[in-house]
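In: structure for the following, please:
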Amino acid sequence: MIPNITRGSRMGGLMVYLASTDANMTKNAHSDPHLVAGDAAIMAWYDDGVLDPDDALAIAKHLDRPRKAYDVSVQIKDMQWDAAKKERVHVGYKDASVWHCSLSLRAEEGALTDQQWGDIANDFVDSMGFTEASGKAQCRWAAVNHGTSENGNHHIHLAVSLVREDGTKASTHGDYKKAQESCRELEVKYGLEQLSTVHVTRGYDQAEKATAVRDEREMHRSSLARKVRASASSSATEGEFVRRARDTGMLVRPRYAKNTTDVIVGYSVAERPKQGERPIWFGGGTLASDLKLGALREEWMDSPHLATEAAAEWNAAARNRRTVSRTGPENGTPPAEMWVEYTRNASALVEQLRTLPRDDHATWAKAAREVSGAFAAWSHRLEPTPGPLAATAAELSRTAQLRAPRQHSKPVALPSIAGTAMLFMAASSKNKTAAQTALMLQLVNTAFAIHEMHQQSGRTREAQRLRAVVTEQLKPFAATMPRPVTVGAPEPAASEHVQVPKSVELGLRGMAPIRPGSAVPSTPTPAKTHQHTGRESGPVLDR
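Out: Below is the predicted model of the structure:
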């Protein structure tokens with residue numbers, strides 16, 4: 001359940017909006033707005049019939065009466081845009097006595113009954129401290145069911161007066177965080193989809209969905225996020241990232257620090273538009289929280305020389321000129337031995353993840369970021385249209401994004417598989433190889449370790465989604481891969497010199513369970529919560 005909070009001063013305007021069925025007045029047409037909950041007086045006067053404008057104004061008058069009777073208001077800073085300074089500045093204070101919050105379900109969850117929404121609304125305002133349950137005088141409030149939005153989200157709106165019955169002011173300190181915590185508790189209580197308080201993904205707006213449907217292509221943001229992730233994961237420096245990003249076909253432009261042309265503080269990307277159309281730009285942070293330029297820079301080498309090189313590449317991209325360097329690593333062919341090295345690193349990563357505390361969110365996010373980047377790079381190289389590799393990359397990317405990264409400690413050192421994405425991006429052809437098979441097996445093992453972490457942390461929905469992608473999409477793809485070289489088999493070509501045990505090879509080829517809890521079981525089974533027992537669970541690894 002997703003809360004969205006706004007503040008204002010006109011209770012009448014808010015209630016008229018909530019009761020309106022005029023599509024010209026509202027972003028989404030409301031078919032039958034009606035009350036599902038409210039303070040005792042509200043529920044005594046009104047039933048669950050459709051609200052009309054007169055009802056809305058009468059309810060607003062009731063909600064606003066304590067504020068007017070005591071002649072008090074709740075003030076907040078008034079921040080306005082200063083065109084000369086190009087920043088928001090404090091110009092005074094304004095009335096924000098009206099607290100408005102929508103509670104929305106994901107489209108996949110369907111709809112709730114009025115009784116369910118009413119119970120949720122009462123519990124929510126209790127938890128936010130707006131009722132007598134807080135030990136203070138109550139705030140007047142009302143909850144309106146808006147039904148299903150054009151995006152398919154069933155939702156309600158809550159209107160709360162922040163002036164209590166006795167004229168005191170309700171505190172909204174930390175209300176955004178408190179609303180998220182309350183929603184997580186209510187999800188458990190009412191059996192709703194449990195959205196993670198740790199990992200977060202970006203949503204899509206209505207315009208993006210319309211564009212994707214009209215053009216019969218993947219949503220811009222998904223496509224761009226995968227290309228940026230592949231380019232970033234396969235790059236060792238910022239300049240290399242810019243070149244790789246441009247090689248994927250994206251348009252790339254930098255965002256400069258104020259009054260500079262050589263200090264880059266952000267970036268935007270866009271798909272190349274059709275003739276006659278304009279590009280749709282997305283900032284890195286709007287694609288995913290871990291794709292902000294600052295987050296990406298934490299993974300790249302840095303020096304004054306590399307910073308100058310990167311600025312030159314950004315400037316060339318901004319002017320749509322050729323790349324400055326034409327001899328970067330992205331133009332070379334990595335030695336065959338690197339497939340062996342990174343397969344071993346991936347195997348070592350799996351072993352270490354199985355001993356990693358499940359609440360070390362920063363380290364789990366880093367591991368998921370690298371594995372997601374590898375699948376994204378492979379998808380870019382191998383899939384003309386998004387397929388199982390793209391789906392796996394997207395699902396893993398959820399864990400790579402932390403809701404509040406600054407609140408987490410630094411990730412611990414892990415065996416690095418960052419170069420795995422580079423190997424896939426540098427593949428000389430679209431043909432699948434045995435070396436790729438062996439490396440993919442270890443990447444799947446890593447994905448399964450992440451699945452176990454979610455499962456044991458109580459994030460059942462995340463665990464189920466990841467398991468479903470592996471079993472239902474990646475499993476058929478893996479069955480088409482060449483056999484990895486098994487112990488005792490004839491010596492292969494140098495480019496495919498990667499050995500795995502016979503049991504692992506058979507498990508991957510037949511996609512039968514290697515042992516209970518395998519990442520690639522024959523048939524999907526519901527995720528079960530169990531205690532972590534270490535090495536005895538999960539697929540057999542290359543030891």
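In: only C-alpha atoms for contact and neighbour calcs from this point on.
Out: Will do.
In: distance check, Lys410 against Ala365.
Out: 11 Å (CA to CA, to the nearest Å).
In: what's the answer for Asp78, then?
Out: 37 Å.
In: neighbour count winner among these two?
Out: Ala365 (24 against 14; other CA atoms under 10 Å).
In: element containing the more buried one?
Out: helix 361-382 (DSSP states H and E).
In: name the residues that touch stretch 366-383?
Out: For stretch 366-383, the external contacting residues (CA atoms under 8 Å, 6 or more residues apart in numbering) are 226-227, 229-234, 248, 386-387, 389-390, 392-397, 399-400, 411, 417-418, 420-422, 424-425, 427, 430, 443, 446-447, 450.
In: again, but for stretch 294-304
Out: Residues from elsewhere that reach stretch 294-304 (CA under 8 Å, 6+ apart): 232, 235-238, 265-266, 290.
In: which among those residues count as buried?
Out: Among the contacts of stretch 294-304, those that count as buried by neighbour count (16 or more other CA atoms under 10 Å) are 232, 235-238, 266, 290.
In: farthest pair within these?
Out: Ala236 and Gly266 (18.0 Å; CA to CA).
In: picking that back up, restricted to helices, list the buried ones among the contacts of stretch 294-304.
Out: Members of these lying in helices (criterion: DSSP state H): 232, 238.
In: got TSV for the buried ones among the contacts of stretch 294-304, with pLDDT and distance to Glu462 too?
Out: TSV is the format used below for the buried ones among the contacts of stretch 294-304 (pLDDT from 0 to 100; distance: CA to CA, whole Å):
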residue	pLDDT	distance to Glu462
Ala232	94	25
Ser235	92	29
Ala236	91	30
Thr237	93	32
Glu238	95	32
Gly266	91	30
Asp290	87	18
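In: between the buried ones among the contacts of stretch 294-304, which sits nearest Lys61?
Out: Nearest to Lys61 among the buried ones among the contacts of stretch 294-304, counting by CA to CA, is Asp290 at 45.8 Å.
In: surely that closest one and Arg398 touch.
Out: No. Asp290 is beyond contact range of Arg398, at 9.8 Å (criterion: CA atoms under 8 Å).
In: could you count how many residues lie near the spatially closest residue to Ile156 that is not a sequence neighbour?
Out: Ranked by CA to CA, 6 or more residues apart in numbering and with sequence neighbours excluded, the top spatial neighbour of Ile156 is Asn145, at 4.4 Å. For Asn145, the count of nearby residues is 27 (other CA under 10 Å).
In: and Asn145, what does it touch?
Out: 33-36, 114, 117, 155-157.
In: Three-state assignment for it, please.
Out: Asn145 falls in the strand class when you classify it by DSSP: H, G, I helix; E, B strand; the rest coil.
In: what lines up beside whatever helix or strand His155 lives in in the sheet?
Out: Taking DSSP H and E as the definition, His155 sits inside strand 154-161. The strands beside strand 154-161 in its sheet (DSSP bridges) come out as strand 98-104 (antiparallel), strand 141-148 (antiparallel).
In: let me know how buried Pro335 is, in neighbour terms.
Out: Neighbours around Pro335, by other CA under 10 Å: 11.
In: mind checking the SS state of it?
Out: Applying three-state DSSP: Pro335 is coil.
In: ramachandran coordinates for it?
Out: With angles defined as degrees, to the nearest 10, Pro335 sits at phi -70, psi 150.
In: how much space separates it from Leu443?
Out: Distance from Pro335 to Leu443, counting by CA to CA: 20 Å.
In: where in the stretch 201-350 of the chain is pLDDT low?
Out: 201-219 (pLDDT under 70).
In: where do the helices of it begin and end?
Out: For the stretch 201-350 of the chain, helices defined by DSSP state H, counting those that start in this stretch occupy the ranges 206-215, 220-233, 238-247, 284-287, 293-297, 304-318, 337-353.
In: can you check the stretch 51-200 of the chain too?
Out: 53-70, 114-127, 175-189.
In: got the ones you listed as CSV, with mean pLDDT, mean neighbour count and distance to Thr323 columns?
Out: Listed next are the helices of the stretch 51-200 of the chain as CSV, based on pLDDT from 0 to 100; neighbours: other CA atoms under 10 Å; distance: least, CA to CA, whole Å:
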stretch, mean pLDDT, mean neighbour count, distance to Thr323
helix 53-70, 91, 18, 60
helix 114-127, 90, 18, 54
helix 175-189, 87, 16, 44
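In: now distance to Thr168 too, for those, in CSV please.
Out: Converted to CSV, the helices of the stretch 51-200 of the chain look like this (distance: least, CA to CA, whole Å):
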stretch, distance to Thr168
helix 53-70, 9
helix 114-127, 17
helix 175-189, 18
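In: for Asn345, find the nearest of those.
Out: helix 175-189 (36.7 Å).
In: counting by contacts, list what that closest one packs against.
Out: In terms of contacts (3 or more CA pairs under 8 Å, 6 or more residues apart in numbering; DSSP states H and E), helix 175-189 is packed against strand 2-8, helix 114-127.
In: closest to Asn331 out of the ones you listed?
Out: strand 2-8 (44.9 Å).
In: just want the angle from the closest one to strand 154-161.
Out: Put simply, strand 2-8 runs at 30 degrees to strand 154-161, going by axes from the mean of the first three to the mean of the last three CA atoms, to 10 degrees.
In: what is the mean pLDDT for strand 2-8?
Out: For strand 2-8, mean pLDDT is 89.
In: show me how far the helix or strand following that strand is from its chain's centre.
Out: The element immediately downstream of strand 2-8 (helix or strand, assigned by DSSP H and E) is helix 11-19. In terms of CA atoms, centre = their mean, to the nearest Å, the centre of helix 11-19 is found 32 Å from the chain centre.
In: no further queries at this time; thank you.
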